[in-house]
Each structure stands twice: as structure tokens, then as C-alpha cells.
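**Student:** below are the sequence and a predicted model for it; my questions follow.
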Amino acid sequence: MQPIDLLVFPRWLVPVEPAGLVLEQHALAVHGGRILELLPAAEAAQRYQARETLRLDRHALMPGLVNAHSHAAMSLLRGIADDLPLMTWLQEHIWPAEGAHVSPEFCRDGVSLAAAELIRGGVTCVNDMYFFPDASAAAFSAAGMRAVANLIVLDFPTAWAANADEYIHKGLALHDALKGNPLVTTIFGPHAPYTVSDAPLTKIRAYANELSIGIHMHVHETAGEVAMAVQATGKRPWQRLKELELLGPDFIAVHMTQLSDEEIAEAAEFGVHVAHCPESNLKLASGFCPVGKLLKAGVNVALGTDGAASNNDLDLFGELKTAALLAKAVAGDAETLPAQAALHMATLAGAKALGLDEQIGSLKEGKQADFIAIDLDALNTQPVYNVLSQLAYAVNSRQVSEVYVAGKPLLRGGLLTTLDETALRAKAREWAAKIRP
Ligand SMILES: CSC[C@H]1O[C@@H](n2cnc3c(O)ncnc32)[C@H](O)[C@@H]1O
Ligand SMILES: [Zn+2]
């Protein structure tokens, strides 16, 4: 018998790829933080001597969810300004609050609070755009989560940097510092076309090419953003990004609610990835991303929560259901974004957008052992005719009972292993008292 770290025997094994596959009486073998193989349960019991065995008789086992767009530390700004359109929300409420309170400590505590919520909801990897990405990266690492730290860029000064060049240089230093980190990688995060001018965008493209890192940006979030740009420059932001050669297979465009058919075709042609944030778009009344059309055109569409100040939670299972329902309504076609495609969007599509699809996003031999187990015995997921249907449309994130990243448990039997919930609650209250005394 071969000694290995872990054997998991779930009721249902959902690898996500190949699409629609649900294995029963199978096991997942894990060693050295990686998936050794998926194999029949009887064979696993004969061949492997596991240091630890997990028997999950009521559970579906699937890859960890990938949150392709978030601002994790904004968990500390949850509920500070609601029921407003994007620009009023951002310019009159969020930026002033961030200007007054964001610091390395704010980011550490906000990310830790968000990480607890994300882990509890089955998210194992998060693409995070926020100030003090060094502090955020450290907090994600301490929580044991996989993260993509954004090298953020803005034209205006904040507590993190004084001007676009300083943002870029601090970002490059962070990129160097994170080299060799097994869990945290980097991506450029220029905020949006309306906050970053041509010169820094040109530099970002050059550095992204040189260092082989991607670019992640809010694009065409609202009709107002597009109209303002057309009025000021005669060009839609997409056209400007195209002329600056930003669009390519390493570019993640977030939101994308305002798209012509020609722009959809170009997104496919350039291999641009879209990070769809349906609940934030709904709450800020930003518009509807044409997910059905994008998928038909061959665009990779990933899923994000955006920050907790515009969502107002970080529940990616909830987001996945909203995405599926909204895509059907927008397309006027109930067959758009079926359950299995929505699960793909929340896992492998996110991994692909982040350039991590060789490592995560599906349960496959050789990939990192980033997996989650969901207890389907709850009343709201009974009876189980179709596991994929339960996971996409009926699961509540509280049913996530196990979360592993690189073979290490972050949630065991519903209990967080790396974070102290009582301490997180106390910190959240402390910050609230400072922010709204
Ligand atoms: C450069 S750090 C990130 C920056 O983005 C702000 N933000 C949060 N949500 C949104 C959104 O939906 N559109 C545009 N900008 C957003 C966040 O508050 C930070 O200032
Ligand atoms: Zn955002």
C-alpha cells in the first residue's frame, strides 16, 4: 500500500471538467498538496494507506470556487452607503471613507474578515484589487487562501502611493517580494479607464509583457462612464484600451455591462476575459452584462462578487445563482447559462482568467488540492435528483463544511482552522466605531 497524505470519500465527486460529470463511489487521493488521482473508492482503499481519511457520506466534493473580482478589505465598509448609483456611491461616500481610514491595518483586518466569509462560502482563490496589496497579500497568506494581489494604479494620490509612477514602482517591488510565494501571485490592477490616463496604461502594458503578468480593470461598468468618455474624447473606453494595446488574453475586463455586438466580437478575438459581477451591477443599477452573447462568441466569463460595500456579501454560491438567473432573463432564453455552465464560471473560468488553470479550477490529477465539500443533507437540497442543479440553484453557502487549499484544511467540519471568528468580530466593531463614531 502506498502511503499518502489524504483520501476523501464523498457521496458525489464533481470534477467540473469534463463538463457535467458526477462520479459516485469514487475517492480523491491527495499527496504533497496536490491531487494524486480520482479513482474508484474500492480501488483507493486497496491501493493507498492515507495518513488521514475523510468520509463525507452526505456531501458533494468539488473544486474550490474562484472569486475573479473583489475588494476584500471593503468588508469593513459593508453597509456604509447603500441604494445609490455607482458614481455617487464611489465619489461621495466610498472614496472619502477610504481617504480617511484605509491603512495597512485596515487592509489586514478587512481582508481577514473577508477571508473568513469567503472560506465559509467555499472560495479558495480570490483576485483582489485594493490599496496596500502588500498587507492584503500577507493577510490572505495567513488565512491560507490562494490570492492574486493587484498592483493597483490610479492617477490620483492615496495613502498607498502619490502618483501613477509611484503606484507602478511599489507594485513592481511587491511583485518581486512575492516571487516564490506558493499561494499569492500578482496582476496589474489599473482601476478604470476614467481614473488612469494613457501614459501609465502604456507603461503597465510594457511591464505586463516583460514580466508575463496580467492586467485587471473595471471596464464599461455603466452607461454614464461610456457617455462621459465619448463626450470628453470622442471615443468609447474600449476603443481607447484597444488603441493602447491593453486588450489581449492576459486582460480581465470587470463588469462590461455596456457592449456593442462589435465589442463582443472583439473581446473574443483578443481573448479578453470578463469578470462578471451580477449582484454589484444590480445593486448599483449599473446595467446588465450580456453573458449569453459573450459565451456564444467564445469569451471566457468568470465570476466575481466585487466588494462587500456594493454587494453586500461575498457569497459566490449566491452570485453563481444570480448569474444564472440573470443571464436567462437578459437573453430571454431559459437555456442560457445552465447549472453546469454556471458552476464552470465560478471555478475553471475564474482560474483561466487568472492564468491559473493549469493549477486550479477543476479536480484533476496533478492540480493543486484546492477543494470544497458541501453537505447536501439540508432540507433545502433534498431530494437530490441532480447534484449540479442543487449546487447551482439550491445550495446555501452555510452548507460548505470542508475547504482545503493546497491540501491544507481551512474549514473542517464547519469550523475555521486559520481564523478566529470572535477576534474578527471584535476588530470589525472596533473599525466601525472609528469609521462611524
Ligand atoms: C484601486 S483600489 C480599488 C478601488 O475600487 C473601488 N471600487 C470598489 N467597487 C468598485 C466598482 O464597482 N467600480 C469602481 N470602483 C470600485 C474601491 O472603492 C477602491 O477605491
Ligand atoms: Zn470592483
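**Tutor:** Received the coordinates, thanks. Numbers count the residues shown, from 1 in each chain. Ligands and ions are numbered 1, 2, ... in the order given.

**Student:** pull up the distance across stretch 413-421, start to finish.
**Tutor:** 15 Å (CA to CA, to the nearest Å).

**Student:** if you could redo that for stretch 214-232, that was the one I meant.
**Tutor:** End-to-end distance (CA to CA), stretch 214-232: 28 Å.

**Student:** going forward, count from 350.
**Tutor:** Will do, 350 is the new start, and the previous item becomes stretch 563-581.

**Student:** that stretch close to ligand 1?
**Tutor:** Yes: using CB under 6 Å from any ligand atom, stretch 563-581 reaches ligand 1 at 567, 570. Where you see a C-beta, it was placed from the backbone N, CA and C, and this is true even at glycine.

**Student:** ok, residue 507 to ligand 1 distance?
**Tutor:** Distance, residue 507 to ligand 1, using CB to the nearest ligand atom, to the nearest Å: 8 Å.

**Student:** state the helix or strand in which that residue lies.
**Tutor:** Using DSSP states H and E, no element contains residue 507; it sits outside every helix and strand.

**Student:** can you check residue 460 too?
**Tutor:** Assigned by DSSP H and E, residue 460 falls within helix 453-469.

**Student:** other SSEs contacting that helix?
**Tutor:** Counting contacts by 3 or more CB pairs under 8 Å, 6 or more residues apart in numbering; DSSP states H and E, helix 453-469 is packed against helix 482-492, strand 749-754, strand 757-761, strand 764-765, helix 770-784.

**Student:** out of the ones you listed, nearest to ligand 1?
**Tutor:** Among these, the nearest to ligand 1 by CB to the nearest ligand atom is helix 482-492 (8.8 Å).

**Student:** next up, the contacts around residue 783.
**Tutor:** residue 450 (CB atoms under 8 Å, 6 or more residues apart in numbering).

**Student:** pLDDT at it, what is it?
**Tutor:** According to the prediction, residue 783 has pLDDT 97.

**Student:** before we move on, back to that, make a markdown table out of the helices and strands packed on helix 453-469 and add distance to ligand 1.
**Tutor:** Formatted as a markdown table, these follow (distance: least, CB to the nearest ligand atom, whole Å):
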| stretch | distance to ligand 1 |
| --- | --- |
| helix 482-492 | 9 |
| strand 749-754 | 24 |
| strand 757-761 | 25 |
| strand 764-765 | 26 |
| helix 770-784 | 14 |
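
**Student:** save these as JSON lines, and put in distance to residue 523 too.
**Tutor:** Formatted as JSON lines, these follow (distance: least, CB to CB, whole Å):
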{"stretch": "helix 482-492", "distance to residue 523": "5"}
{"stretch": "strand 749-754", "distance to residue 523": "21"}
{"stretch": "strand 757-761", "distance to residue 523": "24"}
{"stretch": "strand 764-765", "distance to residue 523": "27"}
{"stretch": "helix 770-784", "distance to residue 523": "24"}
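
**Student:** right, and residue 431 touches residue 661 too?
**Tutor:** Yes: counting by CB atoms under 8 Å, residue 431 does reach residue 661; the two are 7.3 Å apart.

**Student:** so what sits against both of the two?
**Tutor:** residue 632.

**Student:** pick out whichever of those two has more residues nearby.
**Tutor:** Set side by side, residue 431 and residue 661 show more neighbours around residue 661, with 20 against 13, by other CB atoms under 10 Å.

**Student:** wait, what's in contact with that one?
**Tutor:** Counted by CB under 8 Å, 6+ apart, residue 661 has contacts 427, 428, 431, 632.

**Student:** do residue 512 as well
**Tutor:** By CB under 8 Å, 6+ apart, residue 512 lies in contact with 504, 506.

**Student:** that one and ligand 1: what is the separation?
**Tutor:** For residue 512, the distance to ligand 1 (CB to the nearest ligand atom) stands at 14 Å.
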